[in-house]
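Novice: what's the 3D shape of this:
(one chain, ligands or ions: 1)
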Amino acid sequence: MVNDKMVNPIVIAIDGYSSCGKSTIAKALAKFAGYTYVDTGAMYRAIALYTLRNRLTETADIIAALPHILVGFIQVDGEQHVTLNGEDVESQIRTLEVGNQASRISQIREVRAFLVAQQQAMGQAKGIVMDGRDIGTVVFPNAELKLFLTASPEVRAQRRFDELLAKGEKPDFDAVLADVNDRDYRDTHRAESPLRQAEDAVVIDNSLLSREEQMDKIIAIFQNKLNGQMTK
Ligand code: DC
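Specialist: From the prediction side, this is the model:
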């Protein structure tokens, strides 16, 4: 059904809070649909890493550096890795420090414009699942399917805590929870493209859903969409 040549590929926009499992779901949905997956958070994180490495703290310096920053994606053992000026930086970008810096630099209008243009170009041929904060509202306001994922801050902090632990870090739960709350605040209160739910997004609170339950739900929504049915 999904591979039926008569079905036109669509754009799927997935937005939501940090650590609510967006990328896991987006990846699985892209695989199911045979679509390209783009993790836009990784693009902001790659720029954040560049600014940390080059000790750029002033907004003007960060804006001036943009022409020297090339963000891309490569496939490594079937997994998508983000590249920064040709270097695979996938493991370096997944730290709390880079996440926090990404949240900061993503408030700069010029940084957003720089990445949004690249994201829109990636989606021109459709057949794409893109996740982030502004995909359904700014990058692809006409996306055929918009999902907004959410979960309680405690559930998201626990997931982030477990991830950091698995990576060999020694996280403190209260610090991780405070970080989740801070990041939510910054993501939803910034002047430039704050995180908000698109009016036509399907909202999924996954606090109490297993990954499988959530995936079943989302695949059903996707298939209904392809069948041309209203799914809200
Ligand atoms: O999804 P993530 O945690 O990898 O994102 C890192 C930061 O990047 C997040 O705090 C907000 C920002 N971001 C954004 O502003 N817009 C996007 N489309 C994706 C991420």
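Novice: going forward, measure contacts and count neighbours with C-alpha atoms only.
Specialist: Noted.
Novice: need the residue closest to the centroid of the chain.
Specialist: Note on the chain: the residue nearest the mean C-alpha position is G132, at 3.0 Å, using Cα atoms, centre = their mean.
Novice: which bits of the protein sit near the ligand?
Specialist: Taking Cα under 6 Å from any ligand atom as the criterion, the neighbours of the ligand within the chain are 18, 40-42, 44-45, 99, 102-103, 106, 132-134, 183, 187.
Novice: highest neighbour count among the residues you listed?
Specialist: Neighbour counts for the residues of the chain next to the ligand peak at R45, which has 29 neighbours (criterion: other Cα atoms under 10 Å).
Novice: got a list of what that one touches?
Specialist: I93, R94, V98, G99, Q101, A102 (Cα atoms under 8 Å, 6 or more residues apart in numbering).
Novice: the residues of the chain next to the ligand in strands, which ones?
Specialist: Residues of these located in strands (DSSP state E): G132.
Novice: in this structure, which spans are strands?
Specialist: Counting by DSSP E, the strands of the chain are 11-16, 36-39, 71-76, 79-84, 87-88, 128-132, 145-150, 202-205.
Novice: now render the ones you listed as JSON lines, adding mean pLDDT.
Specialist: Shown next, in JSON lines, are these (pLDDT from 0 to 100):
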{"stretch": "strand 11-16", "mean pLDDT": "97"}
{"stretch": "strand 36-39", "mean pLDDT": "96"}
{"stretch": "strand 71-76", "mean pLDDT": "96"}
{"stretch": "strand 79-84", "mean pLDDT": "95"}
{"stretch": "strand 87-88", "mean pLDDT": "98"}
{"stretch": "strand 128-132", "mean pLDDT": "97"}
{"stretch": "strand 145-150", "mean pLDDT": "96"}
{"stretch": "strand 202-205", "mean pLDDT": "95"}
